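Peer 1: requesting a structural model of the entry that follows:
(one chain, ligands or ions: 1)
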Amino acid sequence: MLFMVRMQVSLPADLDPVRREELVAAERDYSQGLQRAGKIAAIWRVSGQFANYCLFDVDSHEELHECVSGLPMFAFISTQVEALSRHPNAVDRDS
Ligand SMILES: O=C(O)C[C@H]1C=CC(=O)O1
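Peer 2: This next block holds a predicted model:
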């Protein structure tokens with residue numbers, strides 16, 4: 001199941017700089033783990049914003065929730081989730 005997830009990150013302005021660096025490092029490790037596992041198929045930065053689009057390839061809604069809610073920055077992230085289906089006009093469609 002494919003989901004496009006937009007994540008807007010809002011870290012508190014008064015967040016301790018050391019804690020911020022820890023969060024950024026933990027987020028990188030967690031995200032790269034999901035990428036290596038194939039659960040995040042692609043990730044893009046939204047230019048000019050502390051936001052991203054992640055294409056998740058997961059087996060269920062529950063797995064998507066597990067992946068997203070496990071993000072170390074989850075408490076500071078607003079998400080918009082869209083479920084994707086194959087477009088009938090896609091040239092790589094089998095048949
Ligand atoms: O956009 C960000 O930096 C936050 C974040 C969510 C996944 C990831 O790899 O980084």
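Peer 1: how about the residues of the chain near the ligand?
Peer 2: 7, 9, 27, 31, 43, 52, 71, 73 (Cβ under 6 Å from any ligand atom). Any C-beta I mention is one placed from the backbone N, CA and C, and that applies to glycine too.
Peer 1: how about 8 Å then?
Peer 2: 7, 9, 24, 27-28, 30-32, 40, 43, 45, 50-52, 54, 71, 73, 77 (Cβ under 8 Å from any ligand atom).
Peer 1: where do the helices sit along this protein?
Peer 2: 17-36, 61-69 (DSSP state H).
Peer 1: with mean pLDDT and mean neighbour count added, can I get these in CSV?
Peer 2: Shown next, in CSV, are these (pLDDT from 0 to 100; neighbours: other Cβ atoms under 10 Å):
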stretch, mean pLDDT, mean neighbour count
helix 17-36, 98, 13
helix 61-69, 98, 15
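Peer 1: and residue 87, which of those is closest to it?
Peer 2: Closest of those to residue 87 is helix 61-69, at 20.5 Å (criterion: Cβ to Cβ).
Peer 1: I'd like the distance between residue 59 and residue 35.
Peer 2: As for residue 59, its distance to residue 35 is 17 Å (criterion: Cβ to Cβ, to the nearest Å).
Peer 1: likewise residue 64?
Peer 2: Taking Cβ to Cβ, one finds residue 64 at 15 Å from residue 35.
Peer 1: again with residue 85
Peer 2: Counting by Cβ to Cβ, the gap from residue 85 to residue 35 is 23 Å.
Peer 1: how about this protein: which residue is closest to the ligand?
Peer 2: residue 31 (3.0 Å; Cβ to the nearest ligand atom).
Peer 1: pretty sure that residue is touching residue 43, no?
Peer 2: Yes - the criterion here is Cβ atoms under 8 Å, and residue 31 meets it with residue 43 at 7.0 Å.
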